[in-house]
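Undergrad: Sequence plus predicted model, see below.
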Amino acid sequence: MTNQMKADTTLDVCFLYKTKNFVNLTTVATHGSFGVLATAADNWLYNSMEKSPTMGLYIRSDFNTVDPLQSYLGHVENFSRETTSFLETKFPSAQYPLEYYCIDKSMATLINLSIMNLFVDDESYAIATNSIIPGTQQSFESLILGNDEGSGAAFIGKDEGATVSISLKIGNLDKVKNTIEWNQDAEIVLKLENDNLVVVSQTLPLSWNLSDITTLPDGSFMINVTNGLNGPLCAELYELENYRGQQQPFPYESDYSMIGTVVNQLGEFRISSAKINREHSLGRLMGYSVIESLSPGYSLKNYKSFMTDQDIPDLPSYFGDCNIPCDLVWHADDECDVWIKVATTNTNYSALVSIYADEIYFGSSTNNLYIGHISGGSYTVLYGYLDDNYSFVEVGSGAVTFDVINSVPVVTPLSSSLPSEWSFSSAEKQSDGSWVVTLTD
């Protein structure tokens, strides 16, 4: 291009000038064009922009989802719809380099996304997006931060039924360091239907709600992502240790709520730390190895169970080298959780198994036996020992129950098939609010 070229603003293009006030025409950008606007505060490749009414220039700071130490202070995401005589003044404290996409607004509508309502304690979320600009093969990439009011996530075509698939990378934004710890991938598919934007499919965290979609005065769309959970939370679960990574709020459903599998069959931890939400609901977390069989050869050597009313920053250390898979359950504080401490001397009573509904628990001299939490319930108890392969060998069975008398659970046998010499002590309340009854013979 030359300095003598006259810009014809009737054309569907953006004219980019090297200096302010539309001097030194350098580039004519068409729909889908991508380039660098400025590499540093003192190195602007283009400093003014002239265009036809249908065109716009989406300007953003470059970003890097590989480098966790990159700071995003001053990050820019801006759709400039107006002719601008001095671009540098629009972004006085920008993060560089600044890049641009040229967009024909008659061919594509901007979709904005806001995640500012998804704060997590002292952190907020960040989302990196990748999609295709309608009518082109050019990819569009943007960065949406949880501390702003929303940024462009993608563009969608104007025709009825137009769709756009947006690939997402989700992370936690440290609001002090302005760095991002990336930890999850997701996807959203959106469709234009009767001039409205609708969600076709999405793989976002379960608690994220995309139902708040509005059309802005300029014709673009705004998706305001909100927390989709209703009611109080029992706990906040995290993918990584020390409450890091993807966060999944766990809603209060009942006094006894199954959170789910923490450790799968491959020994992989789906949840590695958990916080109890004491603001809404007091209670305890119970973790235990899932017993899949009591048949010969099934080892209980590394069976693990525990209960705590404290936050757990490192679930792998709680479970250790345990039998897998492992489940985590929420118990409300008003539940009467009863455990049996096995202090028998007869080897035929050295190992116990309790069964209630579909759950099976194991107890021995080194691991208390969980009985249950429902007063008046009937709990099946198998007694026996572990063989050389740590498999349970059943000697006999029976049932026990417990009743809460003067706020204290009292365990009693329900069948004469249990050993007559068994004696259940008075229950002792533990620091986490559960109860322990000692079994002797």
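TA: That came through fine.
Undergrad: Next, please give the residue ranges for the strands of the stretch 251-400 of the chain.
TA: For the stretch 251-400 of the chain, the strands defined by DSSP state E, counting those that start in this stretch cover 256-263, 273-276, 283-289, 305-308, 326-332, 338-342, 351-356, 359-364, 369-372, 379-386, 392-405.
Undergrad: Switch those over to TSV; also include mean neighbour count.
TA: All C-beta spots, glycine's among them, are computed from the backbone N, C-alpha and C. Below are the strands of the stretch 251-400 of the chain laid out as TSV (neighbours: other CB atoms under 10 Å):
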stretch	mean neighbour count
strand 256-263	18
strand 273-276	23
strand 283-289	23
strand 305-308	18
strand 326-332	21
strand 338-342	22
strand 351-356	21
strand 359-364	20
strand 369-372	24
strand 379-386	20
strand 392-405	16
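Undergrad: Mind telling me which of these the model trusts least?
TA: Within the strands of the stretch 251-400 of the chain, confidence is poorest for strand 256-263, with a mean of 71 (mean pLDDT).
Undergrad: Point out where the protein drops to low pLDDT.
TA: 1-9, 119-123, 206-207, 227-233, 246-247, 249, 251-257, 260, 278-281 (pLDDT under 70).
Undergrad: what's the domain layout of it?
TA: 1-106, 107-228, 233-440 (automatic domain parsing).
Undergrad: What is the distance between the last one and the centre of its chain?
TA: So the one you mean is domain 233-440. Counting by CA atoms, centre = their mean, to the nearest Å, domain 233-440 is centred 26 Å from the centre of its parent chain.
Undergrad: Same question for the second one.
TA: Taking the mean of its C-alpha atoms, domain 107-228 sits 16 Å from the chain's own mean (CA atoms, centre = their mean).
Undergrad: Dig out what M307 forms beta bridges with.
TA: M286 (DSSP bridges).
Undergrad: Oops, could you answer that again for N112 instead?
TA: G152, M222.
Undergrad: residue contacts, it?
TA: Applying CB atoms under 8 Å, 6 or more residues apart in numbering, we find N112 in contact with 150-153, 216, 220-223.
Undergrad: roughly how far apart are it and M222?
TA: As defined by CB to CB, to the nearest Å, N112 lies at a distance of 5 Å from M222.
Undergrad: R60 too?
TA: 18 Å.
Undergrad: neighbour count winner among these two?
TA: Legend: neighbour count by other CB atoms under 10 Å for R60 and M222, higher for R60 (24 against 18).
Undergrad: Looks like the more buried one contacts S80 (just checking).
TA: No. Taking contacts as CB atoms under 8 Å, R60 lies outside contact range of S80: 10.9 Å.
Undergrad: could you redo the strands of the stretch 251-400 of the chain as a markdown table and give each row distance to V189?
TA: What follows is the strands of the stretch 251-400 of the chain, written out as a markdown table (distance: least, CB to CB, whole Å):
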| stretch | distance to V189 |
| --- | --- |
| strand 256-263 | 26 |
| strand 273-276 | 32 |
| strand 283-289 | 36 |
| strand 305-308 | 41 |
| strand 326-332 | 32 |
| strand 338-342 | 48 |
| strand 351-356 | 44 |
| strand 359-364 | 39 |
| strand 369-372 | 44 |
| strand 379-386 | 49 |
| strand 392-405 | 50 |
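Undergrad: Report the buried members of the contacts of N112.
TA: 150-153, 220-223 (16 or more other CB atoms under 10 Å).
Undergrad: Of all pairs in those, which one is the farthest apart?
TA: S151 and F221 (12.6 Å; CB to CB).
Undergrad: Quick check: N78 touching Y58?
TA: Yes. Taking CB under 8 Å as the definition, N78 is a contact partner of Y58 at 7.3 Å.
Undergrad: For E421, grab the count of nearby residues.
TA: The number of residues packed near E421 is 11, by other CB under 10 Å.
Undergrad: That one: what secondary structure?
TA: Following DSSP: H, G, I helix; E, B strand; the rest coil, the label given to E421 is coil.
Undergrad: ditto for G56
TA: Counting by three-state DSSP, the backbone at G56 sits in strand.
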